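**Student:** 3D model of this:
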Amino acid sequence: MTLEPSKRRLIEVLLTTNEPLNKPSLSNLTCLCIDDLEYFKQLWSITPGERRRDIISQLVKLSQENFRLNFSEIFVYCLYDVDSKVRTGAILGLSEEESYRYVAPLLAILKKDTDEKVREVAVKALGNFALQGASGKFSDSIVNRIYDALLAILDDKNMGMNIKCLALEAISPLNLPRVREFIAEAYNSDDINLKISALRAMGRNCDPFWLTELRESLHAGNNDVRYESAFAIGELGCEEVLADLVKLLDDPDIRIQEAAIRGLGEVGGERPRQVLSELLKSPQQRIRNAAKIAIK
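**Tutor:** Residues are numbered from 1 along each chain as shown. You can find the predicted model right below:
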């Protein structure tokens, strides 16, 4: 009987050789004990940058494919890597986590990292934690820390437009002061990107208060505006939007039809199920596939 190699030997092969990366070996990096994690850190510091990027990218994919795999401690360590792409990958790896423990490291990255792309990805990740906080998973103190960090970006006149748009979308699930104010201000902006972010924020905000604006935007000449409006209306998931969604099934833009189909699945009930069942007969495969997913 051949014994399996130890975690340390596995770490050595992964970090100090050019052997092709494979799922079984990378999967064994899950839940490293303290000693093995320390050994990983020692070798990681001398691992070539391209190899580090490849490993972190594969670990992110594996964690998304199999929720039982846990590379969170590796991701936290890699938040401080000298390579911005590794740091970006580490943030992506933590963005699907459900523990408040990862909020503080992400807030630190948002505050201290000098790379704009890294900070933008951190904002997106904090948006996922804001969504969890809005559902009551975190304490008020954790939620307020997320809110304050995103609010600081929105209030900073020197911040770039892209990160401001991302911060607006990230903060939108929180039912806290000034969120509605920022969404309304962005919606009424002349900047098309800010307006689109406002529509996304309305959907994430999940407040029927925005129905008037969303319905108005369904008739915009800009396809992207109509698409985001359709998607946001679907996010509200209330029966009141049923007629709006059905009308969108005739939109010339197939993306908007798909957004409406997804929305019908969110609303649920007998009438949406009937409509979706009819769409299973569509000659367009994309429509049939969207209807199948919505029915599920």
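**Student:** Now the one helix or strand residue 55 maps to: buried residues?
**Tutor:** Per DSSP states H and E, residue 55 falls inside helix 49-65. By 16 or more other C-beta atoms under 10 Å, the buried positions in helix 49-65 come out as 51, 52, 53, 54, 55, 56, 57, 58, 59, 60, 62, 63. The way it works is simple: take the backbone N, C-alpha and C, and place the C-beta from them, glycine included.
**Student:** Which of those sits closest to residue 81?
**Tutor:** residue 52 (6.8 Å; C-beta to C-beta).
**Student:** Not including adjacent chain positions, what is the nearest residue to that closest one?
**Tutor:** Closest residue to residue 52 apart from its sequence neighbours, by C-beta to C-beta, 6 or more residues apart in numbering: residue 86 at 5.2 Å.
**Student:** Near the one you found, how many other residues are there?
**Tutor:** By the criterion of other C-beta atoms under 10 Å, residue 86 has 23 neighbours.
**Student:** ok so, going back, of the buried residues of helix 49-65, just say which sits nearest to residue 189.
**Tutor:** residue 60 (33.8 Å).
**Student:** sorry, back to before: the helix holding residue 55: what's the following helix or strand?
**Tutor:** helix 72-78.
**Student:** Just the residues contacting that next one, thanks.
**Tutor:** 29, 32, 37, 40-41, 44, 52, 56, 59, 86-87, 89-91, 93-94, 97, 102, 105 (C-beta atoms under 8 Å, 6 or more residues apart in numbering).
**Student:** Buried among the residues you listed? Need that as a selection in PyMOL.
**Tutor:** In PyMOL, a selection of the buried entries from those looks like this (16+ other C-beta under 10 Å):
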select buried, resi 29+32+37+40+44+52+56+59+86+87+89+90+91+93+94+97+102+105
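**Student:** can you pull out the helices in the stretch 101-250 of the chain?
**Tutor:** 103-112, 116-134, 140-155, 161-171, 179-187, 192-205, 211-217, 223-236, 242-248 (DSSP state H, counting those that start in this stretch).
**Student:** Which among these is found nearest to residue 267?
**Tutor:** The nearest among the helices of the stretch 101-250 of the chain, by C-beta to C-beta, is helix 242-248 at 5.8 Å.
**Student:** what residues does the closest one touch?
**Tutor:** With C-beta under 8 Å, 6+ apart as the criterion, helix 242-248 contacts 215, 218, 230, 233-234, 256-257, 259-260, 263-264, 267, 271-272, 275.
**Student:** State the mean pLDDT of that helix.
**Tutor:** Per-region confidence: helix 242-248 scores 89 on mean pLDDT.
**Student:** From here on, call the first residue 44.
**Tutor:** All right, first residue 44 from here; so that's helix 285-291.
**Student:** Would you pull up how far the helix or strand following that helix lies from the middle of the chain?
**Tutor:** Counting by DSSP H and E, the next helix or strand C-terminal to helix 285-291 is helix 297-310. Between the centre of helix 297-310 and the centre of its chain there are 19 Å (C-alpha atoms, centre = their mean, to the nearest Å).
**Student:** buried residues in helix 297-310?
**Tutor:** 299, 300, 301, 302, 303, 304, 305, 306, 307, 308, 309, 310.
**Student:** Can you tell me which of those is closest to residue 177?
**Tutor:** Among the buried residues of helix 297-310, and counting by C-beta to C-beta, the member closest to residue 177 is residue 309, at 16.8 Å.
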